[in-house]
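Novice: Quick one, what's the 3D model for this:
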Amino acid sequence: MPGQKFFDFAEIEAEIVRETDRATGRNKGVSRKAINLKISSPHVLNLTLVDLPGMTKVSVGDQPLDIEEQIRGMCLSFISNPNAIILAVTAGNSDLANSDSLKLAKEADPDGERTIGVLTKLDLMDPGTDASDMLQNRVIPLRRGYVGVVNRGQRDVASKTSVSDALKREQQFFKGHAAYRTMLNRCSTPTLSRMLNQILMHHIRDCLPDIKSRITGMMLDVNTEIEALGMPAEAMNAAHLGGILLSLLSNYAANFGNAVEGKGSLADTGIEMNELFGGARISYIFTEIFGRSIMTMNPFDGLSDDDIRTAICNANGTRQSLFVPEISFDLLVRRQIARLEQPGLQCIDLVFDELQRMASQCETTELTRFPELRDRVLDVVNALLRKCVGPTQTMISNLIKIELAYINTSHPDFIGGSRAVAQLMDRVQQQSAAPGGGRPASSAQPRAGDPSAQRPPPRAETTDEGNNGQKEGGGLMGFFGLGKDKRAAAAKDTVVKLPQVPETMRRPVDAPSDRERIETEIIKSLIESYFDIVRKNFMDMVPKSIMHFLVSTAKESLQNDLVSQLYKDSSIGEMMKETPDVARRRSEIQEMRALLQKALEIVNEVRDFNAFVATP
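Specialist: Here you go, the predicted structure:
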């Protein structure tokens, strides 16, 4: 019932009962939902009291079977707060060693720094007994000791005895008791209230330096935001608005440049600690994304050994070459180098997206006041970035075209044909010398001076039918023409018809010869060596090109483009219109500043308050 005030204590009691019934039912149910009640009176001290249910052992009514565990968990959730004082309430006419509240408080507060023992029902103790030993902290010692109180009994509640009357009767009981009259500083409910209030004041004074520091920091932030919000735009003339516009554009361009160079951060309070920002993200793209991707490229992706053999055959033309044809190397290495262009263009796109992201993050608080101006600033920045992307893409494409225009086989880092052959022969010898090594790939190559090199290749075997025809038609009988008819018949039966020429010709799928394997390995060594050279050059030139044509150009031209396109007398009034949210925020922040100033005054008053003086 927010805002409603009660002036009759009986109405308060009745409302608490009704709310409890609404939340838990009418049959002794429990709920974690809190009933908040604020009491304003000149006779009470500033305290916040949480009244928790007693430790129930056996469920009754609508209570669940695990009612003990539920209430225990509820109590622990409150008393575990390190800023809470635990009132361990125990009946004075029971054994203190069996107190459930002290046991639970011991779990949440092992050192006893936050626990105060509260002894109730002292007026119900057997005649001749008292709780003086417990009040004097002799039975189970606590750092903050014990306080004895006498509450209203059930008969008092039923007879509607007022709280003030109950407090007076409590005072009379302690003053008239022989054992308690000497320890009134540890007895009565007002004593407990003053003790708790003093603990609260001491706690506040201990926390004052931190509280004051936090309030001061909030004041600085509020003042900074008020300065950023400035005066309402409606209260400024055109000249003043123009000066503010130039200042906003200049600050935005400076923030963008600082972000690229690493001199600023999101909040303009130093380098960010949680993640990379600005130019560091662009560097990450160059090294970790582009660089690593280029280094993991295989020089032979999309190029199989069969493709290399086919290229060599095409380069040989109608006759077998004596050496590996250079044309095949030139064609294949160009094809592989051209694959580098696409990653370079993708790197431009990544940096372009990062610059756009950076442009939106560099907005100042002052710029957010004017949404129309903010949108136009972002439009100018995006247009400038897109204008710079074109020359950058052209430069990256030209880098590849430059590499393709001239294959520099005289490069000092290029392996060359002789070294490629030498390395291949070394590998062949190592394979031959290895245990179980097969025949070396170069065994088919005849050595110089080998007689077998002069031998002509053996003729192809003819079919049995052809051999028979040669035998029968040869010799003396063939010379005289006696076997003519038989040869004619045989020729008629063995006419060979060639198949049609296929539209697409490929190399035979059978195993390559030793010569073909050697040629393939040499070509692969040459391609790998030259591809590594071009890859290193490309990895070095792409970041430099992007920085020159895109990043640096955008940074240097940004302020000029903003001023030339946005600083126009005809549109200043339209761009410098504030939104209703800004006006509302200005009002809220000014109210916040007033509240913080009041809080500082309260802190200073509490600092000067003497908490050791007892309240009468």
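Novice: What helices and strands are in contact with the helix or strand harbouring Met201?
Specialist: Taking DSSP states H and E as the definition, one finds Met201 inside helix 189-229. Helices and strands touching helix 189-229, by 3 or more CB pairs under 8 Å, 6 or more residues apart in numbering; DSSP states H and E, are strand 115-120, strand 146-148, helix 163-176, helix 365-368, helix 580-608. Where C-beta positions appear, they are placed from N, C-alpha and C, glycine not excepted.
Novice: So what angle separates the directions of that helix and helix 163-176?
Specialist: 130 degrees (axes from the mean of the first three to the mean of the last three CA atoms, to 10 degrees).
Novice: Which strands and helices lie in contact with the helix or strand following helix 189-229?
Specialist: Using DSSP H and E, the next helix or strand after helix 189-229 towards the C-terminus is helix 238-261. When contacts are defined as 3+ CB pairs under 8 Å, 6+ apart, helix 238-261 packs onto helix 279-284, helix 341-361, helix 365-368, helix 371-405, helix 553-566, helix 569-575.
Novice: switch the cut-off to 7 Å
Specialist: For helix 238-261, the packing partners by 3 or more CB pairs under 7 Å, 6 or more residues apart in numbering; DSSP states H and E come out as helix 279-284, helix 341-361, helix 365-368, helix 553-566, helix 569-575.
Novice: what mean pLDDT does the third one have?
Specialist: Confidence over helix 365-368 (mean pLDDT, whole number) is 73.
Novice: now do the longest one
Specialist: Averaging pLDDT along helix 341-361 yields 92.
Novice: try the first one
Specialist: Along helix 279-284, the predicted local confidence has a mean pLDDT of 90.
Novice: Renumber starting at 74 from here on
Specialist: Yep, numbering from 74; the last one is helix 352-357 now.
Novice: Could you list the residues in contact with it?
Specialist: For helix 352-357, the surrounding residues in contact (CB atoms under 7 Å, 6 or more residues apart in numbering) are Ala332, Val333, Glu334, Gly335, Leu349, Val424, Glu427, Val624.
Novice: now it: how far from the chain's centre is it?
Specialist: 16 Å (CA atoms, centre = their mean, to the nearest Å).
Novice: Same check on the third one?
Specialist: Using CA atoms, centre = their mean, the mean C-alpha position of helix 438-441 is found 26 Å from that of the whole chain.
Novice: what does stretch 96-107 give?
Specialist: Distance of stretch 96-107 from the chain centroid (CA atoms, centre = their mean) equals 43 Å.
Novice: What of stretch 645-662?
Specialist: Taking CA atoms, centre = their mean, one finds the center of stretch 645-662 at 33 Å from the center of the full chain.
Novice: start to end distance for it?
Specialist: This stretch, stretch 645-662, spans 27 Å end to end (CA to CA, to the nearest Å).
Novice: buried stuff in it?
Specialist: Going by neighbour count (16 or more other CB atoms under 10 Å), the buried part of stretch 645-662 is Ile645, Met648, Met649, Glu651, Val655, Arg658, Arg659, Ile662.
Novice: Which single one of those residues is nearest to Leu639?
Specialist: Met648 (7.0 Å; CB to CB).
Novice: What score does that closest one have for pLDDT?
Specialist: With respect to pLDDT, Met648 scores 73.
Novice: Then Asp341?
Specialist: 47.
Novice: now Asp681
Specialist: The model reports Asp681 with a pLDDT of 68.
Novice: Next one: Val295 from Ile662, what distance?
Specialist: Here the criterion is CB to CB, to the nearest Å. By it, Val295 lies 6 Å from Ile662.
Novice: again with Ser153
Specialist: Ser153 is 36 Å from Ile662, by CB to CB.
Novice: Would you mind writing the CA trace of stretch 350-363 as PDB?
Specialist: What follows is stretch 350-363, C-alpha atoms only, in PDB (Å, rounded to 0.1, in the frame of the first residue of the first chain):
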ATOM      1  CA  PHE A 350      40.400  -0.600 -29.200                       C
ATOM      2  CA  GLY A 351      41.000   1.600 -32.200                       C
ATOM      3  CA  GLY A 352      44.300   1.300 -34.000                       C
ATOM      4  CA  ALA A 353      45.200  -1.800 -32.000                       C
ATOM      5  CA  ARG A 354      42.200  -3.600 -33.600                       C
ATOM      6  CA  ILE A 355      43.500  -2.700 -37.100                       C
ATOM      7  CA  SER A 356      46.900  -4.000 -36.200                       C
ATOM      8  CA  TYR A 357      45.300  -7.200 -35.000                       C
ATOM      9  CA  ILE A 358      43.600  -7.600 -38.400                       C
ATOM     10  CA  PHE A 359      47.000  -7.100 -40.200                       C
ATOM     11  CA  THR A 360      49.000  -9.500 -38.100                       C
ATOM     12  CA  GLU A 361      46.600 -12.100 -36.600                       C
ATOM     13  CA  ILE A 362      43.900 -12.400 -39.300                       C
ATOM     14  CA  PHE A 363      45.500 -11.400 -42.600                       C
END
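Novice: Flag every buried residue along that stretch.
Specialist: Of all the residues in stretch 350-363, those buried under the rule 16+ other CB under 10 Å are Phe350, Gly351, Gly352, Arg354, Ile355, Ile358, Phe359, Phe363.
Novice: ok, Val191 - contacts?
Specialist: Leu160, Ala161, Val162, Val220, Val222, Leu265.
Novice: Output the below-cut-off pLDDT ranges for the stretch 274-423 of the chain.
Specialist: In the predicted model of the stretch 274-423 of the chain, residues 301-311, 313, 337-346, 389, 391-392, 394-397 satisfy pLDDT under 70.
Novice: mind running it again at 80?
Specialist: 274, 276-280, 298-317, 336-348, 378-399 (pLDDT under 80).
Novice: again, but for the stretch 424-573 of the chain
Specialist: 437-444, 489-567, 572-573.
Novice: ok so, going back, which one of the contacts of Val191 has the most neighbours?
Specialist: For the contacts of Val191, neighbours were counted using other CB atoms under 10 Å, and Ala161 has the most, 24 neighbours in all.
Novice: per-residue confidence at the nearest residue to Met74 once chain neighbours are set aside?
Specialist: Leaving out its chain neighbours, the residue that sits closest to Met74 by CB to CB, 6 or more residues apart in numbering is Glu88, at 7.3 Å. Looking at Glu88, its pLDDT is 86.
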